[in-house]
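[1] The following block contains a protein sequence and its predicted model.
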Amino acid sequence: MIDTQIFDELIEDFDTLGSLLKLIKNQKIELLITTAQDREIEKIPDKDKKNKIRAVPTTKVGTPQFILGYSDMNLDELGPGEEDGIRYSEIEGGNPRHKEDALIGITAAQKAKILVTNDKRFFNKILKADTSLVIMKYQEFAVYVRTLL
């Protein structure tokens, strides 16, 4: 799973994007996005950028945490707010501005093996958690993707 802002780098990094597209086509990797990320992408005002991001094949998954008035009633689930050592409340930290990161974090812990973000605060929250989720920055991910070919 990649943090939403990682798409900005990915769509400009043609080598990594090309490698990732091959891996997705050959079913060696699946790129997951949450319902929250889907909404974030939809709000991008630059239509060209939004179309480039939408062209990257992803699988939309529900989050294991439901936020009344925000969550997708068809996909998101009521849950305890913790998955594999990642706590929604720890990432959100009482600040609703961080709810998307918190949803991405607990969803990645439940449904993915790797989470990619360049957001320093988010990265450090995941790094400090007692979790099996692997956290990477974009440049590490780019190298990792090319090693899978």
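    Nice, thanks for sending it over. Numbering: from 1, shown residues only.
[2] I figured Glu82 hits Ile91, correct?
    No: using C-beta atoms under 8 Å as the test, Glu82 is too far from Ile91 to be in contact (10.6 Å). For every residue, glycine as well, the C-beta is placed using N, CA and C.
[3] Of those two, give the one with the bigger neighbour count.
    Between Glu82 and Ile91, counted using other C-beta atoms under 10 Å, the more crowded position is Ile91 (22 against 17).
[4] quick one, what contacts the more buried one?
    Contact analysis of Ile91 by C-beta atoms under 8 Å, 6 or more residues apart in numbering lists 98, 101-102, 105-106, 122, 125-126.
[5] could you check the distance from it over to Leu32?
    Per C-beta to C-beta, to the nearest Å, Ile91 is found 17 Å from Leu32.
[6] what residues do Glu82 and Ile91 have in common as contacts?
    Ile106.
[7] I'd like to know which of the contacts of Ile91 are part of helices.
    101-102, 105-106, 122, 125-126 (DSSP state H).
[8] Which pair of the residues you listed spans the longest distance?
    Using C-beta to C-beta, those span at most 12.1 Å, a distance reached by Ile106 and Phe122.
[9] The two: who's more crowded?
    Ile106 (29 against 21).
[10] residue contacts, the more buried one?
    Here Ile106 is in contact with 63-65, 79, 81-83, 86-88, 91 (C-beta under 8 Å, 6+ apart).
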